[in-house]
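In: Predicted model follows, preceded by the sequence.
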There are 2 protein chains.
Amino acid sequence: MEAGDVAPRTNRTASVTIRDVARVAQVSVATVSRALNDSQTVTAQTRNHVLRIARELDFVPHGGARSLSLRRTDTIGVLLPDLHGEYFSELIRGLDLGARNSRQHLLLSASHGEVSEAVAALRAVRSRVDGLVVMTPFVDGELVAAAVKGAVPLVLLNSRDTSHCDVSFAIDNYAGAFNVTTHLIACGHRRIDFISGPPDNLEARDRLRGFEAAHREAVQAPGRVLRGDFREESGFAAAGQLVGSELPDAIFAANDAMAIGCLHALRNAGLQVPRDVALAGFDDIPIARFLDPPLTTAGVAIAEIGRQAIDCCVELVRGNPVSIGCRLFAPELVIRASSGRQSRPDAATSATPGRIRS
Amino acid sequence: MEAGDVAPRTNRTASVTIRDVARVAQVSVATVSRALNDSQTVTAQTRNHVLRIARELDFVPHGGARSLSLRRTDTIGVLLPDLHGEYFSELIRGLDLGARNSRQHLLLSASHGEVSEAVAALRAVRSRVDGLVVMTPFVDGELVAAAVKGAVPLVLLNSRDTSHCDVSFAIDNYAGAFNVTTHLIACGHRRIDFISGPPDNLEARDRLRGFEAAHREAVQAPGRVLRGDFREESGFAAAGQLVGSELPDAIFAANDAMAIGCLHALRNAGLQVPRDVALAGFDDIPIARFLDPPLTTAGVAIAEIGRQAIDCCVELVRGNPVSIGCRLFAPELVIRASSGRQSRPDAATSATPGRIRS
DNA sequence: TCTGGCTTTGTAACCGGTTACATGCCGGTG
DNA sequence: CACCGGCATGTAACCGGTTACAAAGCCAGA
C-alpha cells in the first residue's frame, strides 16, 4: 500500500479481429478462418500468407465469439461445497489433471453449503460451460438437475443418485467406515466413540451406519456418537467434550480434518495417542501420514476421482459412449500408528485387507 | 464401473432464446432484453408480462452471447504455478472469497512451473476473461505481459515487478526470513542450516538473502545451505542428508511444506524437535499449528492476499481508481514450540515483534 | 385541431467468430 | 469451342444477446 498514485484507466490495446487480418491479408474472413483452422480447402500458399499476417498482427481468436458460433466452450464447470482444505485441494488437483489432459478450461465455483447459492451458481454457469461436475452433499440430485435443466451433461460427485444425472461417482462410505471400525475393534479397543459429520450429509450418514454395523457384527456396543461438521474445529470441540467426561479407548472421526482437530485437543489435554486414546480418520488426506502419530484412516483416491470425473464429463460432452450409472470407489484401510497396538498381525479381517503405509 | 450400459447421446433440451420469449410474449426482442435487465424505459405492465413468460419458458440468458455483446465476461482468470497443497488451497480460498464478493466467476489454470504452459494458458484465456491474476515465480513479468498484450488488466502475485503490470502483490520475504533467523539465533542456536527453495525462484532467493543478512547482523556464520524445491519431498530429502552428517542446532526451511517433510525425516531418524534440532518454516499454512511440535514460522496472510488481488483486479476492470504499484505484505513472526528454548522472553528484537500463538 | 415533447416500443446493426452456399477459375474432354 | 467437374475463394447468414436510432402513441398547451 505504498504507492498513493491513482491509475488512469489504463490504455488497453484494442484487440485485432479476424476482419483486420482479412483486410491486411487482402482475403475474405472465411479464408482467414479456414487458414487458421486446419481446413483442407485452402492453398498452402494462401495459408502461409494468412498465418504470417496473423502472427504479425498478433491475432488471437476471441474465445467467446468462437464459443458462440461453435456452441462449444471447451470449459467444464465445477461446483464444490468449498474450495479449501486438504480434501478439496486434492480433488482440485485431480480435476486440473483431467482438464489439462483434455485441453479444457475449468470454471470453478463454491456453494459454501448453501442450496440457494448452489442453484444460483448453476444457473449462472450452465450457459458458459459444455459440461458440469457437481458435488453438493447437502442438496439432492433433483434440485441440481432442475437448475441445470439438461442443458449440458451432468456428473455428480460423492452421490449415488443416478436418476438425475448421466454419471455419478461415489465412495463406499459404509464399507470404509465398517473396515476402520472393525480394525479398531481388532486392535482390542472396547469402547469406541464416533465423531460424526453433519447429519444432513448423506456421506456422513453412511459412515455412521458403517460404524454401527461393524459393532453389531462384532457383537460389541458402540460408544457415544458426537456431532461434528467435517471441519477441524468441530473435531477439536468434540474431543474437548470427551476429555472432560470419561475417555473412550478409541475415537473414530468421520473424516481426517476432524481427526486432526481431535488430535490437537487431546495433546492440549496432555494425552498421548495412541497410548491413552487411539484415533482414526477417513479420507487419507495427504497430511495424514505426517501427523504425529501418523493417522490410521480409510484411503480414498480423491484426486483420481476428480480426474475421472472430468474425463467422463468430457466424453459425455463429445457424445462418446460412456458407461453410465454410479461408479463406486472402495476405500482402502490404511493402518498407521494412531490406531494403537494390533493384537494379531492380520487382525483386520475385512474384505479389503489393510495395508501398512509409511 | 458396474453399469456396462452405454449412454445414447443424451437428449439435451434445446435452449430457449430471447427470440422465443419475444415471440411468445408478442413483443420485440429489445423489449424482452429491457424487461430482463433493469431498464426504466419499459412499463411495469409489459415488464411483468415478459418476466412471466420468461419464467414459464425457464429462459436463462446465454452467458457467452451476453459477454460478446457487452464485452464483459464477469470472469477473472487466475493462473497459478499449481493448484494443490496447503499454500495454494489457502490462496484459492481467498480468491474465491474475493470473486464471490464481486460476483465474478473464476477461471482457473495451472502452469505447473512451465513457462510454455503459462504462456499458452494466458493466450487461451485472455479473451475469455475481464482481468487476470497471475502468479508465476519462474517467469518474469515481461513474458506474462507479452502474452497478455494489455488485452485485460493484469495483477501479479508474489512479484515486485510493476513495470509490466498494473498492480502487484508481494511478500517481504527478505524481512520474514531475517526475522525468523534472528529469532532462531536469539533462542541460542549456533549453527543454523537452511533448506532453500528453487534457485530460479525470486521469492526463494529473497528468503535466502534474509537468512544470510540476519547472520551478518548477529556476527555469526551461517550454516549449510541445502537445495530444495519448496515441496515436502525435498525437505524430507534435505533433512535426510543432515541426519547423515553432522547435525546443526536448528534448521530453517524456506517454506512450511519443506519443514513438514523435514520434521518427518527427523522423526524417522529418532530425533526430537526441538530437543535435538530446532525447526522453523515460512508461510504459516493452516496445518503448521497442528504439527507436533507446532511450527515456528513467518506468517503470511495468504488468503487475504488472494482476496485483495481479486478485489483490485475487479476495480481495474471497472475502471475505478486504484492505487497502483507494488503492495508489500510484511510477514509476522509466529513463534511456536518447534524453535526451542527461548533464552530471553523478548529475544526477537525485530521490527515486527513476534507473537506466541496457539 | 395542430404541434411539440415525452414515453414506450420496434427495427436492425453489432459483438467476432464459423460455415452453407454461390461464384469464379482452371484444365480436360467430346 | 462449348461444357463440365473440381477446387479455391468470397458473400452473407448465423450463434444469442444489447442498444442506437427510428417510429409510434399519447397528452398538454396554444
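Out: Perfect, I can see it now. Residues are numbered from 1 along each chain as shown, chains lettered A, B, ... in the order given.
In: just for the stretch 251-358 of chain A, where's the confidence low?
Out: A:342-358 (pLDDT under 70).
In: That one: strands as residue ranges?
Out: Taking DSSP state E, counting those that start in this stretch, the strands of the stretch 251-358 of chain A run over residues A:278-280, A:297-299, A:325-329, A:332-335, A:355-356.
In: With distance to chain B as new columns, can the ones you listed be given to me in CSV?
Out: No exception for glycine: its C-beta is placed from N, CA and C like everyone else's. Listed next are those as CSV, based on distance: least, Cβ to the nearest Cβ, whole Å:
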stretch, distance to chain B
strand A:278-280, 13
strand A:297-299, 15
strand A:325-329, 3
strand A:332-335, 16
strand A:355-356, 15
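In: what's the closest of those strands to residue A:152?
Out: Across the strands of the stretch 251-358 of chain A, residue A:152 has its closest neighbour in strand A:325-329 (19.0 Å, Cβ to Cβ).
In: coming back round to it: ok, which of the strands of the stretch 251-358 of chain A comes nearest DNA strand D?
Out: Go through the strands of the stretch 251-358 of chain A one by one with Cβ to the nearest atom of the strand and the one that ends up closest to DNA strand D is strand A:325-329, at 30.4 Å.
In: Just checking: what are the partner strands of the closest one?
Out: In its sheet, strand A:325-329 lies beside strand A:167-171 (parallel), with partners assigned from DSSP bridges.
In: Among the strands of the stretch 251-358 of chain A, which comes closest to residue B:97?
Out: With Cβ to Cβ, the closest approach to residue B:97 among those belongs to strand A:297-299: 29.3 Å.
In: what's the closest non-adjacent residue to residue A:225?
Out: Leaving out its chain neighbours, the residue that sits closest to residue A:225 by Cβ to Cβ, 6 or more residues apart in numbering or on different chains is residue A:194, at 4.8 Å.
In: and that neighbour, what are its bridge partners?
Out: Residues in a beta bridge with residue A:194, per DSSP bridges, are residue A:225, residue A:252.
In: what does chain A put close to DNA strand D?
Out: Selection of chain A residues close to DNA strand D by Cβ under 7 Å from any atom of the strand yields A:26-31, A:34, A:40-43, A:45-46, A:65, A:68-69, A:71.
In: Would you mind measuring the gap between the ends of stretch A:194-206?
Out: Distances were taken as Cα to Cα, to the nearest Å; on that basis the terminal residues of stretch A:194-206 are 13 Å apart.
In: And the helices in the stretch 151-300 of chain A, which stretches?
Out: Per DSSP state H, counting those that start in this stretch, the stretch 151-300 of chain A has helices spanning A:173-186, A:202-217, A:232-244, A:256-268. These are given in chain order.
In: so what's the nearest residue to residue A:147 once chain neighbours are set aside up against?
Out: Taking Cβ to Cβ, 6+ apart as the measure, residue A:147 lies nearest to residue A:122, with 3.9 Å between them; neighbours along the chain are not counted. Residue A:122 sits next to A:79, A:132, A:134, A:144, A:147, A:148 when contact means Cβ atoms under 8 Å, 6 or more residues apart in numbering or on different chains.
In: Quick one: mean pLDDT for the host helix or strand of residue A:122?
Out: In this assignment (DSSP states H and E), residue A:122 forms part of helix A:115-125. The predicted model assigns helix A:115-125 a mean pLDDT of 90.
In: coming back round to it: please flag which of the contacts of residue A:122 sit within strands.
Out: In this view, the contacts of residue A:122 that belong to strands under DSSP state E are A:79, A:132, A:134.
In: any low-confidence regions in the stretch 51-200 of chain A?
Out: Within the stretch 51-200 of chain A, the set of residues satisfying pLDDT under 70 comprises A:139.
In: Write out the residues of it neighbouring DNA strand C.
Out: On the criterion Cβ under 7 Å from any atom of the strand, DNA strand C has as its neighbours in the stretch 51-200 of chain A the residues A:59, A:61, A:62, A:65, A:66, A:68, A:69, A:70.
In: ranking the contacts of residue A:122 by neighbours, who comes first?
Out: Per-residue neighbour counts (other Cβ atoms under 10 Å in any protein chain shown) across the contacts of residue A:122 peak at residue A:134, which has 31 neighbours.
In: Skip the chain neighbours and tell me the closest residue to it.
Out: Setting aside the residues directly before and after it, residue A:134 is nearest to residue A:79 in space (Cβ to Cβ, 6+ apart), at 4.6 Å.
In: ditto for residue A:97
Out: Counting by Cβ to Cβ, 6+ apart, residue A:97 lies nearest to residue A:307, which is 4.8 Å off, once chain neighbours are set aside.
In: would you list every one of the strands in the stretch 1-150 of chain A?
Out: Counting by DSSP E, counting those that start in this stretch, the stretch 1-150 of chain A has these strands, from start to end: A:75-80, A:105-110, A:131-134.
In: export those to TSV and tack on distance to residue B:240?
Out: Listed next are the strands of the stretch 1-150 of chain A as TSV, based on distance: least, Cβ to Cβ, whole Å:
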stretch	distance to residue B:240
strand A:75-80	36
strand A:105-110	36
strand A:131-134	39
